[in-house]
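Engineer: how would this look folded up:
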Amino acid sequence: ISNYPDPYCGMVESLPTACFEDTILELWASAGEFNQQSEDKINSLTKEEILDKVNNYGYSELFLTEKDFKPLLGGITYDENKQIIAAKAVKMEWLGRMNATDALAQGGSDTAGTGELIDRETAEFENEMINVLLEAKNIEPLEYSVEVNVMSSFGQIVS
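Structural biologist: Residues are numbered from 1 along each chain as shown. Alright, predicted model coming up:
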């Protein structure tokens, strides 16, 4: 209590903001960020390299902290040594920051049909994310299924 509000509030306000991610891609970030080096690593991954990281490397290179990535996987198959050898699903979450004042001032978008307005920048990001994920449904190998659940996607996908 002796450090509140000063210097605590000033220190918190000076920290950079970031979107939250919860994805196995964190395993290949580079020194706390995604950059060309991490993109190159991700683009050249083999199944063996992915399994090695998920099984043996419990550390988020994005948030620079220990993390268990196994809860992000579903339908896991283990070998006799209790090592993951396959997974049928992977969950990836991205939480962004929206400017609610802009959403109200701009008239906002409610493509989700929920009554919750989003600002133009967030709507553009969500639209692009939906397009990328829906296009992935047509990429080989076709035995993989991509399911899209973006805040605004319900109203767009069903229409």
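Engineer: May I have the phi/psi pair for Leu73?
Structural biologist: phi -110, psi 150 (degrees, to the nearest 10).
Engineer: Do you have the strands of this protein handy? List them.
Structural biologist: Applying DSSP state E to the chain gives strands spanning 20-22, 59-60, 65-66, 73-74, 77-78, 84-86, 89-90, 93-95.
Engineer: Next, the buried residues of the first one.
Structural biologist: Across strand 20-22, burial judged by 16 or more other CB atoms under 10 Å covers 21-22. (C-beta placed from N, C-alpha, C; glycine too.)
Engineer: chain center to that strand: distance?
Structural biologist: Relative to its chain's centre, strand 20-22 lies at 5 Å (CA atoms, centre = their mean, to the nearest Å).
Engineer: Can you give the contact residues for it?
Structural biologist: The contact list for strand 20-22, computed with CB atoms under 8 Å, 6 or more residues apart in numbering, reads 62, 72, 91-95.
Engineer: Out of those residues, which two sit at the greatest distance?
Structural biologist: Farthest pair in these (CB to CB) is Leu62 and Lys91. Separation: 15.9 Å.
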